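*Asks:* Got a predicted structure here, sequence first:
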Amino acid sequence: MKFQKQMILLFFLVLTGCSLETKTLSEFYEEDLKDVTKIELFDGSTGYKKVITDKNVVEDFLGMISDIKFKPEENQEDRVGFRYAITLFQEEEKTFSFTLNQVNDDYYYTEPDIHPIVDDFYKSLDVQEE
């Protein structure tokens, strides 16, 4: 009987330890978003990137996406390719990187949909593509 209780407890611990939860960018990011000094937006369809260092533009962009909910996809099988990758920096130190549907090797969909927000922002940036 004691063994069965231990097995049931272990089963529930494994289940809760493996489950993903809905989070916002603010919750994923372990630092303070206000300390981000540079953002690299990499366009996966063209191979170009835009780098943002203007503090006001950085803050505006993070303000647009920081509260978007990343909800775990049921299907966590590996995928190939991405539309945009976003890398955050504090000075020259890379502090966080994610794609629009993947954070820390886990797959998500977003509410509201982050794709059009990032796409519109990228296209409207008056920054030279590299």
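*Replies:* Yes, it's here.

*Asks:* Now that Val69 has come up, it's in contact with Tyr109, right?
*Replies:* Careful, residue 69 is Lys and not Val. No: judged on CB atoms under 8 Å, Lys69 makes no contact with Tyr109 at a distance of 9.2 Å. Bear in mind the C-beta positions are built from the backbone N, C-alpha and C, glycine included.

*Asks:* Glu129 against Gly47, yeah?
*Replies:* No: between Glu129 and Gly47 there is no contact under CB under 8 Å: 9.4 Å.

*Asks:* more crowded one of the two?
*Replies:* A count of neighbours by other CB atoms under 10 Å puts Glu129 above the other of Glu129 and Gly47, at 13 against 9.

*Asks:* Quick check: chain neighbours aside, which residue is closest to that one?
*Replies:* Nearest non-adjacent residue to Glu129, counting by CB to CB, 6 or more residues apart in numbering: Tyr48, 3.9 Å away.

*Asks:* quick one: the strands in the chain?
*Replies:* 23-24, 38-43, 49-52, 69-72, 84-90, 93-99, 102-103, 106-111 (DSSP state E).

*Asks:* For Val36, see how far away Tyr81 is.
*Replies:* Quick fix: residue 81 is Gly, not Tyr. 26 Å (CB to CB, to the nearest Å).

*Asks:* higher neighbour count, these two?
*Replies:* Set Gly81 next to Val36 and count neighbours by other CB under 10 Å: Val36 wins out with 21 against 7.

*Asks:* Can you list the low-confidence ranges for this protein?
*Replies:* Low-confidence segments of the chain (pLDDT under 70): 1-18.

*Asks:* No further questions, thank you.
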